[in-house]
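*Asks:* below are the sequence and a predicted model for it; my questions follow.
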Amino acid sequence: MLNVILFGAPGSGKGTQSELLVKQYGLQHLSTGDLLRAEIQSGSELGKEIDELISKGNLVPDHKMVHLIAHYIDALPKDCKGVIFDGYPRTVEQADALTLLLRRRGMDSVMLELMVDEDEVIKRLLERGKTSGRADDNFDTIKKRLRIYQEVTKPVSAYYLKHHNYFLINGNYTVDLTFEQIDNILRLRGAKKESSTQKP
Ligand code: ADP
């Protein structure tokens, strides 16, 4: 299985690149942000707790996230070609837990870090906020999310650099130029494209 961890600041383009990876490589997309927002939509007690945290730009506690991910991995279909982890892991504890979860199932992962300048991500998130309807896409919450990203999440990339397969992608360019870098890395690692998207 080809498990890809797409890593990067809020607004670095993880969701956009994930969509292309789903189409071209037939991978399953796990966006923890989407998963959590779906829980909020369901109106459950857990959803209310999550809403309180997310709307203020805070992270959901590790034990809740690890539980969610373990459940997701166990429910993967037998013929799954691989998973794109978008928004997970966001702490070193979550990274440790994922390594263990995958290893126990005989799986590994590769991390692709999307590097984008802070000015550019703020611009993108403010633009997204005009239509996303997300409570956390406003200037003050964006600033807080970026601070938490630098303090708590960024160390995860050093963890992967040390322990796993790690690649850096320049995400300041267009969607296509960013995807080209990802595509080259995956092809060099022997990943197979969906036949409908293969060049003749
Ligand atoms: P973005 O990457 O643009 O901030 P996401 O949709 O990935 O947006 O996540 C939105 C919010 O969901 C985060 O700010 C955080 O509150 C919560 N969240 C998502 N993934 C995790 C995670 N792995 N651990 C803790 N909280 C998370």
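*Replies:* Here it is on my side, so go on. Residues are numbered from 1 along each chain as shown.
*Asks:* distance check, residue 158 against residue 5.
*Replies:* Per Cβ to Cβ, to the nearest Å, residue 158 is found 14 Å from residue 5. (Each C-beta comes from the backbone N, C-alpha and C, glycine too.)
*Asks:* tell me which of the two has more neighbours.
*Replies:* Legend: neighbour count by other Cβ atoms under 10 Å for residue 158 and residue 5, higher for residue 5 (25 against 11).
*Asks:* report the backbone C-alpha coordinates of the helix or strand where the more buried one lies in CSV.
*Replies:* Taking DSSP states H and E as the criterion, the element that holds residue 5 is strand 4-8. Taking Å, rounded to 0.1, in the frame of the first residue of the first chain, the C-alpha atoms of strand 4-8 are listed here in CSV:
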residue,chain,number,x,y,z
VAL,A,4,1.2,9.3,1.7
ILE,A,5,1.3,11.8,4.5
LEU,A,6,0.7,15.3,3.0
PHE,A,7,2.2,17.7,5.6
GLY,A,8,2.1,21.4,5.7
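*Asks:* going forward can the numbers begin at 48, since that is how I track them
*Replies:* With the count now opening at 48, the last piece we talked about shows up as strand 51-55.
*Asks:* next SSE downstream of it?
*Replies:* Taking DSSP H and E, what comes next after strand 51-55 is helix 61-72.
*Asks:* what's that following helix packed up against?
*Replies:* Helix 61-72 sits against strand 51-55, strand 75-78, strand 130-133, helix 222-235, with contacts defined as 3 or more Cβ pairs under 8 Å, 6 or more residues apart in numbering; DSSP states H and E.
*Asks:* just checking: what are the partner strands of the first one?
*Replies:* This means strand 51-55. Within its sheet, and counting by DSSP bridges, strand 51-55 is paired with strand 130-133 (parallel), strand 157-162 (parallel).
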